[in-house]
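>>> The following comprises the amino acid sequence and a computationally predicted model.
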Amino acid sequence: MELKICHLYPEVLNLYGDRGNIICMRRRLEWRGIGCSVDLLRIGEKADFTQYDIFFIGGGQDFEQEVLLGDLRDGKDKSLIAAVEDGRTFLTICGGYQMMGHYYETHDGVKCEFLGAVDFCTVGADVRMIDNYCFKLGAESGGSTVVGFENHSGKTYLGAGVNPLGRVIKGNGNNGEDGTEGVRYKNVFGSYSHGPILPKNPQLCDVILESALVRKYGKAELEPLTDSFEVQAHDAVYKMITGA
Amino acid sequence: MFFKKDVLADVSEGMDIIVVTGTNGKTTTANMLESALTESGQKVLANKSGANLLSGVTAEFCCAAGGTGKPSGKIAVIECDEGALKQVVPLIKPKVIVVTNLFRDQLDRYGEVMHTLEQIKTGIEKVPDAVLCLNSGDSLVSSIALGVKNKVVYYGLDMPFGDQNPRVVSDAIHCVRCGAEYRYNFYTYAHLGDFYCPNCGYKRCRPEVAVTSIDQMDADGTDIQLVAGGEEYSARIGLPAIYNVYNAAAAVAAYYAFGSDVGQMIDTLSRIHSSFGRMETFKPGRQPVQMILVKNPAGCTQTIEFLTSLGKDYVLILGLNDRTADGHDISWIWDADYEKFAADPHVLKVYVTGDRAEDMQLRLKYAGLAEDKICLEKRTENLLETMKTSSAPVFVMPNYTSMLELRKLLSDATGAREFWEKQE
Ligand SMILES: [Zn+2]
């Protein structure tokens, strides 16, 4: 067995230790004897998207996202939407998460058109939502608690009938208003949590890997791992955030 | 403390001042300049305590002024925070401004690097008569020269150094002028090197103060060849690692721009020892304990590359806090190359400590380090015991507030003086 990961725009969307998510997926596959390859796909580079099982898109600096949107419209947009509908797995964080929705509207009304692969949109706000936070995953994503670090001023609002990735326990999540965090649509996992999200939340990492294995091989039985360091790191932050 | 608005302008008037700013290396570069000027017989005012915001700089000048209203010396070397530059330099009107480098730092904010660059430019536009010393290999720093009237002295490495693979993680991928992707004739470290933009032609300027070869590099220092103002020099820098070669080049450039004798600065460099945790050595037991402050991925990876190139056994202590002065977001540890420690057989044991020790422990596991080589130890008294009884040299890599704690622990145990007590 082998999973092929495509890391999209690693040269621009690489803020906040996103690389840790790739390291985590790769290791947790390797430890179970499952092969893993990672291709980096930069601006201007073309690839056949049907060869990939997992797409990873991270967060980036505002000024560089302009360059990136031009590249998306140059054909990658249609391939990515097709991959989503095809049930391929996506892990998208922060700016990469926002990019999967319809648009980002800045505070002064300028609209930036995004992929529209999932029904949600993001609106710029005055206040930056920034701190350690935690949320509880929806049942379809395993139901465990996730700890992370959020840092965004955009407020994301999900369309009717679109499921969040989880429900905020402490912190802001999508918009600080409706208690939702991230998105789960087909096998698209979107979240504001960088930090990075996966190493301290191994159950979520395994749910993501399983979604890709099931799509490719029809079934997935991931052997349990000794997650003592993972659990220690998760619990230390959870305690810091909730005091419990 | 409250000060009259123009008091800094008043007390600093008529002085010859060098200002050092940039993400990494400010303190070391300022130390080099201060030491050389002092050794040349000058009385130098410097803000050694790291008080590098407007309030701290003002306090430093006012303390030195005492009752007479003017500092007794005529020369000052001032380390200045990048964000505070635009407030400080219009008041003190420096003769020379050195910019060391620009890296992602304090990752709590989006667009940090570009924002910092804009702030530095805003400051420099207010003092067109100051000579700028710019790192020629840093595409962000050298872009400051675009569109300002100041005279510029470029410094840097005029040769490749280390790993020449294209950078996957970089703080400056795209041309600051046109957005096209840079290409490189060679790299030195992180995003530094001989960059050029294939689209608009923006590129590295050949440095006037240039390191032309690195002959020897070990835990105690580096031997280099350097050209300044057309003259060739052999220099010994009494501090290890590539970033200190850049700091030395920055100091030489500033000294040169200041009109002082470069040969005398070269002489001083061999006697420089870093202070305040940048690369400080303690001897609590039989083995040396060396402390190296790390606060961002570029500096951290550079330190890791340096340690893993030594070829001798060592013990590591990694300290990670997430307090306000450190930045609450510690995710940058995933961008630093801890994988190199996993590949180095000379790493005997790694102790992790600090508020976020569990995160560091996890990072090391995913870097590929064997779990039984990793030890979580939050009690500093136990760490001290480990340092005292270690049979191999110990390297401590803390971030800022962790460094303050560990430094206090070590100075209490060894009787080392606090950094602000350093004699002039
Ligand atoms: Zn250009």
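On my side now, so go ahead.
>>> Please save the CA atoms from the strand or helix carrying residue B:36 in PDB.
Residue B:36 is part of helix B:26-39, with elements assigned from DSSP states H and E. Taking Å, rounded to 0.1, in the frame of the first residue of the first chain, the C-alpha atoms of helix B:26-39 are listed here in PDB:
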ATOM      1  CA  LYS B  26      21.900  42.800  16.500                       C
ATOM      2  CA  THR B  27      23.400  42.300  19.900                       C
ATOM      3  CA  THR B  28      26.500  40.500  18.700                       C
ATOM      4  CA  THR B  29      27.200  43.000  15.900                       C
ATOM      5  CA  ALA B  30      26.700  45.900  18.300                       C
ATOM      6  CA  ASN B  31      29.100  44.200  20.800                       C
ATOM      7  CA  MET B  32      31.700  43.900  18.100                       C
ATOM      8  CA  LEU B  33      31.500  47.600  17.300                       C
ATOM      9  CA  GLU B  34      31.400  48.700  20.900                       C
ATOM     10  CA  SER B  35      34.500  46.500  21.700                       C
ATOM     11  CA  ALA B  36      36.500  47.800  18.700                       C
ATOM     12  CA  LEU B  37      35.700  51.400  19.400                       C
ATOM     13  CA  THR B  38      36.500  51.000  23.100                       C
ATOM     14  CA  GLU B  39      39.800  49.300  22.300                       C
END
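>>> so where's the chain shaky on pLDDT?
This is for chain A. A:16, A:61-65 (pLDDT under 70).
>>> think we crossed wires, I meant chain B
Low-confidence segments of chain B, defined by pLDDT under 70: B:1-5, B:48-50, B:67, B:105-111, B:168-169, B:274-278, B:416-424.
>>> and it, which of its residues are near the ion?
Residues of chain B lying close to the ion (Cβ under 5 Å from the ion) are B:175, B:177, B:178, B:180, B:197, B:199, B:200, B:202. Just so you know, the C-beta spots here come from the backbone N, C-alpha and C atoms, and that holds for glycine as well.
>>> Buried residues, the helix holding residue B:36. List them.
Using 16 or more other Cβ atoms under 10 Å in any protein chain shown as the test for burial, helix B:26-39 gives B:26-38.
>>> and residue B:378, how many neighbours does it have?
By other Cβ atoms under 10 Å in any protein chain shown, the residues close to residue B:378 number 13.
>>> contacting residues around it?
Neighbour list for residue B:378: B:353, B:354, B:357 [criterion: Cβ atoms under 8 Å, 6 or more residues apart in numbering or on different chains].
>>> hmm, back to that, I'd like the residues of chain B next to the ion laid out as JSON lines, including secondary structure and neighbour count.
Formatted as JSON lines, these follow (DSSP: H, G, I helix; E, B strand; the rest coil; neighbours: other Cβ atoms under 10 Å in any protein chain shown):
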{"residue": "B:175", "secondary structure": "coil", "neighbour count": "21"}
{"residue": "B:177", "secondary structure": "coil", "neighbour count": "14"}
{"residue": "B:178", "secondary structure": "coil", "neighbour count": "12"}
{"residue": "B:180", "secondary structure": "coil", "neighbour count": "17"}
{"residue": "B:197", "secondary structure": "coil", "neighbour count": "19"}
{"residue": "B:199", "secondary structure": "coil", "neighbour count": "13"}
{"residue": "B:200", "secondary structure": "coil", "neighbour count": "13"}
{"residue": "B:202", "secondary structure": "coil", "neighbour count": "19"}
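>>> now the helices for chain A?
A:19-30, A:62-71, A:77-85, A:95-99, A:202-217, A:228-242 (DSSP state H).
>>> Same check on chain B?
Listed in chain order, the helices of chain B (DSSP H) span B:7-12, B:26-39, B:54-65, B:85-92, B:112-125, B:139-142, B:242-258, B:262-269, B:297-308, B:339-342, B:357-367, B:380-389, B:400-414.
>>> Could you identify which of these is most buried?
The highest average neighbour count among the helices of chain B, using mean count of other Cβ atoms under 10 Å in any protein chain shown, belongs to helix B:242-258 at a mean of 27.
>>> so where's the longest strand in chain A?
With secondary structure taken from DSSP state E, chain A has its longest strand at strand A:120-137.
>>> by contact count, what packs against it?
On a contact count with 3 or more Cβ pairs under 8 Å, 6 or more residues apart in numbering or on different chains; DSSP states H and E, strand A:120-137 meets strand A:103-105, strand A:145-158, strand A:166-170, helix A:228-242.
>>> Partner strands of it and their direction?
Next to strand A:120-137 in the sheet, as set by DSSP bridges, lie strand A:103-105 (parallel), strand A:145-158 (antiparallel), strand A:166-170 (antiparallel).
>>> sorry, back to before: kindly reformat the contacts of residue B:378 as TSV containing distance to chain A.
What follows is the contacts of residue B:378, written out as TSV (distance: Cβ to the nearest Cβ, whole Å):
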residue	distance to chain A
B:353	13
B:354	11
B:357	8
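>>> Specify the stretch among the strands paired with strand A:120-137 that is closest to the ion.
Nearest of the strands paired with strand A:120-137 to the ion, taken as Cβ to the ion: strand A:103-105 at 26.0 Å.
>>> how about the closest one: buried residues?
Under the neighbour-count criterion of 16+ other Cβ under 10 Å, strand A:103-105 has A:104, A:105 buried.
>>> which residues touch the residue in chain A positioned nearest to the ion?
Here chain A gets closest to the ion at one residue, residue A:67, 11.8 Å apart by Cβ to the ion. Residue A:67 sits next to A:12, A:43, B:174, B:179 when contact means Cβ under 8 Å, 6+ apart.
>>> hey, what's the residue nearest to the spatial centre of chain A bridged with?
In chain A, the C-alpha nearest the mean C-alpha coordinate belongs to residue A:92, at 2.6 Å (Cα atoms, centre = their mean). In this entry, residue A:92 is beta-bridged to residue A:57, residue A:190, by DSSP bridges.
>>> I figured it hits residue A:185, correct?
No. At 10.6 Å, residue A:92 does not count as touching residue A:185 under the criterion of Cβ atoms under 8 Å.
>>> Now for residue 203, how many residues are close by?
The chain I'm using is chain A. Residue A:203 has 19 nearby residues by other Cβ under 10 Å.
>>> wrong chain, I was asking about chain B
The number of residues packed near residue B:203 is 18, by other Cβ under 10 Å.
>>> quick one: it from residue B:139, how far?
According to Cβ to Cβ, to the nearest Å, residue B:203 and residue B:139 sit 9 Å apart.
>>> shared neighbours of the two, anything?
residue B:195.
>>> how much space between the residue of chain A closest to the ion and residue B:178?
Note on residue A:67: its distance to residue B:178, by Cβ to Cβ, is 10 Å.
>>> quick one: contacts for residue B:231?
Taking Cβ under 8 Å, 6+ apart, we find residue B:231 in contact with residue B:262.
>>> Kindly state the beta-bridge partners for it.
Going by DSSP bridges, residue B:231 is paired in beta bridges with residue B:228.
>>> and chain A, which of its residues are near chain B?
Within reach of chain B by Cβ under 8 Å from any Cβ of the partner chain, chain A has these residues: A:10-12, A:14-20, A:23-24, A:27, A:40, A:42-44, A:61-64, A:66-67, A:130-132, A:149, A:151, A:153, A:194-196, A:199-200, A:229-230, A:232-233, A:236-237.
>>> Please convert the buried members of the residues you listed into PyMOL selection syntax.
Only the buried entries of these go into this PyMOL selection, using 16+ other Cβ under 10 Å:
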select buried, chain A and resi 10+11+12+14+15+16+17+18+19+20+23+24+27+43+61+63+64+67+130+132+149+151+153+194+195+196+199+200+229+230+232+233+236+237
